[in-house]
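Student: next comes the sequence, and after it the predicted model I'd like to discuss.
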Amino acid sequence: MKVLIDNGHGENTPGKRSPDGRLREWAYTREIADMVIFGLRKKGVNAERIVKEDTDAPLSERCRRANDIYKETGKKAILVSIHCNAASSGTNWMNAKGWSVFVSNNASSNSKRLAECLGQIAECIPVPIRKPMPNQLYWQQNLAICRDTNCPAVLTENFFQDNKEDVEYLLSQEGKQTVAQIHIDGIVKYLSL
Ligand SMILES: [Zn+2]
């Protein structure tokens, strides 16, 4: 099984940063993606980033890369797209906070299982989780990276880049390690089921 890690946006993407400019989503998600891949490889899991460049790759291109690998591997791949949430455009600090995981509206049962595995690990650590309903760990939305990829696919929104407390946490060593751990342990849990 190959684990494909998608890291959101690129250095040329406007916005997508904390109001104080300390966190830039494209750079942060690439750093986390590398930690996740390092952690997965240490556990013997085959993992790679699908956007190796620093610039943004269009969603259609990201999906094409993932679908090519899914085909090459004989349908033995899963995808996790790593993002940071935002309640507004990034000019002002907002109140919304917490961690969440998404699948597309057309999600397969395996996509939902993968989302549940990540959510269960997050709940266990624990970190504050945003849920659509008390007994459902994942949200369903019309997300191209999950909708247009053929493999099981989820997207994580790792806290809010426009919430002051969340940004402090995200930038801390503890925060980075926890965000990476949710992905590593959640993916390993899915693969072992
Ligand atoms: Zn994003």
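Tutor: Received the coordinates, thanks. Numbering: from 1, shown residues only.
Student: just the closest residue of the protein to the ion, please.
Tutor: Going by C-beta to the ion, the ion is nearest to His83 of the chain, at 3.4 Å. Backbone N, C-alpha and C define where each C-beta goes, glycine included.
Student: which other helices and strands contact the helix or strand where that residue lies?
Tutor: Secondary structure from DSSP states H and E places His83 in strand 77-85. Applying 3 or more C-beta pairs under 8 Å, 6 or more residues apart in numbering; DSSP states H and E, we find strand 77-85 packed against strand 2-7, helix 25-42, helix 59-72, helix 109-124, helix 144-147, strand 153-160, helix 173-192.
Student: re earlier: I figured the residue of the chain closest to the ion hits Phe160, correct?
Tutor: No. Using C-beta atoms under 8 Å, His83 is not in contact with Phe160; the gap is 10.8 Å.
Student: these two: which is more packed in?
Tutor: Taking neighbours as other C-beta atoms under 10 Å, His83 and Phe160 compare with Phe160 leading, 27 against 24.
Student: re the thing from before, count of neighbours near the closest residue to the residue of the chain closest to the ion other than its chain neighbours?
Tutor: Spatial nearest neighbour of His83, excluding adjacent residues (C-beta to C-beta, 6 or more residues apart in numbering): Gly8 at 4.2 Å. Close neighbours of Gly8, defined as other C-beta under 10 Å, add up to 24.
Student: can you name the residues bridging to the residue positioned nearest the centre of the chain?
Tutor: For the chain, the residue nearest the mean C-alpha position is Ile82 (2.3 Å; C-alpha atoms, centre = their mean). Following DSSP bridges, Ile82 is listed with bridge partners Asn7, Thr156.
Student: report pLDDT for it.
Tutor: Model confidence at Ile82, given as pLDDT, is 98.
Student: please report the distance of the closest residue to Thr13 other than its chain neighbours from Met94.
Tutor: In this structure, Thr13 finds its nearest non-sequential neighbour in Asp56, 4.9 Å apart by C-beta to C-beta, 6+ apart. Per C-beta to C-beta, to the nearest Å, Asp56 is found 24 Å from Met94.
Student: likewise Arg22?
Tutor: Separation of Arg22 from Met94 (C-beta to C-beta): 16 Å.
Student: give the residue from the two that has the larger number of neighbours.
Tutor: When Arg22 and Met94 are compared for neighbours, Met94 comes out ahead with 18 against 13, by other C-beta under 10 Å.
Student: quick one: that one and Ala87 touch, right?
Tutor: Yes. Look at Met94 against Ala87 with C-beta under 8 Å: they come within range, at 3.8 Å.
Student: dump the strand holding His83 to CSV, restricted to CA.
Tutor: Extracted in CSV, the C-alpha atoms of strand 77-85 (Å, rounded to 0.1, in the frame of the first residue of the first chain):
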residue,chain,number,x,y,z
ALA,A,77,-2.9,3.7,-2.5
ILE,A,78,-4.7,6.1,-0.2
LEU,A,79,-4.5,9.8,0.0
VAL,A,80,-4.4,12.3,2.9
SER,A,81,-4.5,16.0,2.2
ILE,A,82,-3.1,18.2,5.0
HIS,A,83,-4.5,21.7,5.5
CYS,A,84,-5.0,24.3,8.2
ASN,A,85,-8.5,25.8,8.6
